[in-house]
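# Make a model of this:
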Amino acid sequence: MKLGRFEIHAITDGTFMLDGGQMFGVVPKPLWEKRIGADARNRVRISLTCLVIQTGQKNILVETGIGDKFDAKFNDIYGVDHSVTLPGELKKLHLGLEDIDIVINTHLHFDHCGWNVRRLDGKMAPTFSRARYFIQRREWEHAQCPTERDRASYVPEFFATAEGQTEFLDGDTEIVPGVHVEIASGHTKDMQCVRVESEGKIAFFPSDLVPTSAHIAYPWMTSFDLYPLETLENKKRLLPPLAAAHGLLVFPHDPCIPWARLVEIDGKMAPQHVE
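The predicted structure is shown next:
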């Protein structure tokens, strides 16, 4: 899609599965299963959507999917489907790994940073050899020493080797003209969303603040959120102005809709299909 003078592409690293109760928190199953059906193990299949932003000067990648460094036990739990992968999707855009200039991780849960590093000649190395990686400093520090509650969400093997190419941020920052990150606490304390603006057009990558189109509704949030009331406050803060601007909302985990125009109908936020 053209976004002002930029081009943006929603691409995928395949899909994986999470428990439906984890994905929808306090929302009862009779409601959420109308949106996303569950398998016999109560798991729902969700996407691993990443965003490529081409500014004309820089190729920027937001998120790196789940990667390829998981074993059979991990795959049994999470049901990873890699019939398509992030490197393959980049290739369809005629982009090699070396063509990525900037990588932005909204946070460091394993399904958002899996391709930050890869195995190369028997050792771990940054996947995007020329890129600068951007993450909030406190998110990086927390990922090194998570709590018992969220320890399973962090796999240092997926990101640690890229530390030498990583720039640590301390709050809201303009990465390049037109591409900003802003902290939206809730899912983690220092998760950052990505706002893209060009010639009056806006696209917003909310990360797990709004993981799927079903999660646009304010009380619909995941049980992974460490600070759910902050998730609620930030949805109320960020979504109405985006709807007023008819901005594009990019969903990191929606299995059917990579992005939609956000609109307000009868006082409620709703997704509007985009060709």
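# List the residues that contact His94.
Residues touching His94, when contacts are defined by Cβ atoms under 8 Å, 6 or more residues apart in numbering, are absent altogether. C-betas here are computed from N, CA, C, even on glycine.
# Where does it sit, in terms of helix or strand?
Under the assignment given by DSSP states H and E, His94 is not contained in any helix or strand.
# where does it fall, phi/psi-wise?
Reported as degrees, to the nearest 10, the phi and psi values for His94 are phi 60, psi 40.
# how far away is it from Leu226?
With the distance defined as Cβ to Cβ, to the nearest Å, His94 ends up 39 Å from Leu226.
# do the same with Trp259
For Trp259, the distance to Leu226 equals 26 Å [Cβ to Cβ].
# Neighbour count: the two, which is higher?
Here Trp259 and Leu226 are compared on neighbour count by other Cβ atoms under 10 Å; more neighbours surround Trp259, at 22 against 18.
# Apart from its neighbours in sequence, what residue is nearest Ala270?
Using Cβ to Cβ, 6 or more residues apart in numbering and skipping residues adjacent in sequence, the residue nearest Ala270 is Val263, 5.7 Å away.
# could you say which helix or strand contains that neighbour?
When secondary structure is defined by DSSP H and E, Val263 falls within strand 259-265.
# Touching that strand from outside, list them.
Where contact means Cβ under 8 Å, 6+ apart, the residues beyond strand 259-265 that reach it are 10, 203-204, 213, 216, 239-240, 242-244, 246-251, 269-274.
# Separate out the buried members of those.
10, 203-204, 213, 216, 239, 242-243, 247-251, 269, 271 (16 or more other Cβ atoms under 10 Å).
# Which of the residues you listed fall within strands?
Taking DSSP state E, the ones among the buried ones among the contacts of strand 259-265 that sit in strands are 10, 203-204, 248-250, 269, 271.
# any chance you could map the helices in the stretch 1-150 of the chain?
20-24, 29-32, 72-78, 86-92, 137-144 (DSSP state H, counting those that start in this stretch).
# Okay, buried residues for the first one please.
The neighbour-count check on helix 20-24 (16+ other Cβ under 10 Å) flags 20-21, 23-24 as buried.
# now for that helix, which elements pack on it?
Under the contact criterion of 3 or more Cβ pairs under 8 Å, 6 or more residues apart in numbering; DSSP states H and E, the helices and strands touching helix 20-24 comprise helix 29-32, strand 43-54.
# Most tightly packed of the ones you listed?
For the helices and strands packed on helix 20-24, average neighbour numbers computed from mean count of other Cβ atoms under 10 Å are highest in strand 43-54, which has a mean of 22.
# now it against strand 259-265, angle please.
Orientation of strand 43-54 against strand 259-265 (axes from the mean of the first three to the mean of the last three Cα atoms, to 10 degrees) gives an angle of 100 degrees.
# what packs against strand 43-54?
Helices and strands touching strand 43-54, by 3+ Cβ pairs under 8 Å, 6+ apart, are strand 6-19, helix 20-24, strand 59-62, helix 86-92.
# 7 Å - rerun?
Under the contact criterion of 3 or more Cβ pairs under 7 Å, 6 or more residues apart in numbering; DSSP states H and E, strand 43-54 touches strand 6-19, helix 20-24, strand 59-62.
# want to throw those into a markdown table with mean pLDDT and distance to Ala38?
Shown next, in a markdown table, are those (pLDDT from 0 to 100; distance: least, Cβ to Cβ, whole Å):
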| stretch | mean pLDDT | distance to Ala38 |
| --- | --- | --- |
| strand 6-19 | 98 | 8 |
| helix 20-24 | 97 | 5 |
| strand 59-62 | 98 | 28 |
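# Among these, which comes closest to Lys69?
Closest approach to Lys69 among these is made by strand 6-19 (12.4 Å; Cβ to Cβ).
# on that earlier part again, where does the residue nearest to Ala270 land on pLDDT?
The per-residue pLDDT reported for Val263 equals 95.
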